[in-house]
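1. test case, fold it:
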Amino acid sequence: MKFKAINKNTEFVRGYRKGTSSVSPLVVSYVLKNRYGHTRIGITASKKVGCAVKRNRARRVIREAVRSLNLDMSQSWDIILVARSRTAKAKSYEVAPQIEKQLRDAGVIDA
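-> Numbers count the residues shown, from 1 in each chain. Predicted structure coming up:
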């Protein structure tokens, strides 16, 4: 499934403040319903993850993990995924189950 991207800082801040958060060792997720009619995903990594190379790798790993999940959602959501310091060293197949569990617990994916 193709997703729209969350790019604006105000949209990330809105997700952080109003969204439901879920934490795992590799990813932090914030989930919030939206009224756009489609699901949007934002992926970010702070400087705590490491240098630019490590941050970019962490984002790529998360992006590929989301792509491999084949998410099918009945409602529209804003999903923000934040990389943690261990994400840059992980593989996408290690990150995918954690993202899937977080989205199931938040009610984004039907059980």
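
2. for the residue most central in space within the chain, what are its contacts?
-> The centroid of the chain falls nearest to Leu81 when counting by C-alpha atoms, centre = their mean (2.4 Å). Shown in contact with Leu81 (C-beta atoms under 8 Å, 6 or more residues apart in numbering): 27-29, 41-44, 62, 66, 99. All C-beta atoms are positioned from the backbone trio N, CA, C, and that covers glycine.

3. repeat for Ile43
-> Ile43 makes contact with 59, 62-63, 66, 80-81, 83, according to C-beta under 8 Å, 6+ apart.

4. in strands only, show me those.
-> In strands, judged by DSSP state E, the following of the contacts of Ile43 are found: 80-81, 83.

5. mind listing what's buried along stretch 57-70?
-> For stretch 57-70, the neighbour count (16 or more other C-beta atoms under 10 Å) marks 57-63, 65-66, 69 as buried.

6. which single one of the residues you listed is nearest to Ala90?
-> Nearest to Ala90 among the buried residues of stretch 57-70: Val61, at 6.1 Å, using C-beta to C-beta.

7. the residue nearest to the closest one when sequence neighbours are not counted: neighbouring residues, count only.
-> Spatial nearest neighbour of Val61, chain neighbours left out: Ser92 (5.1 Å); criterion: C-beta to C-beta, 6 or more residues apart in numbering. Counted by other C-beta atoms under 10 Å, the residues lying close to Ser92 total 17.
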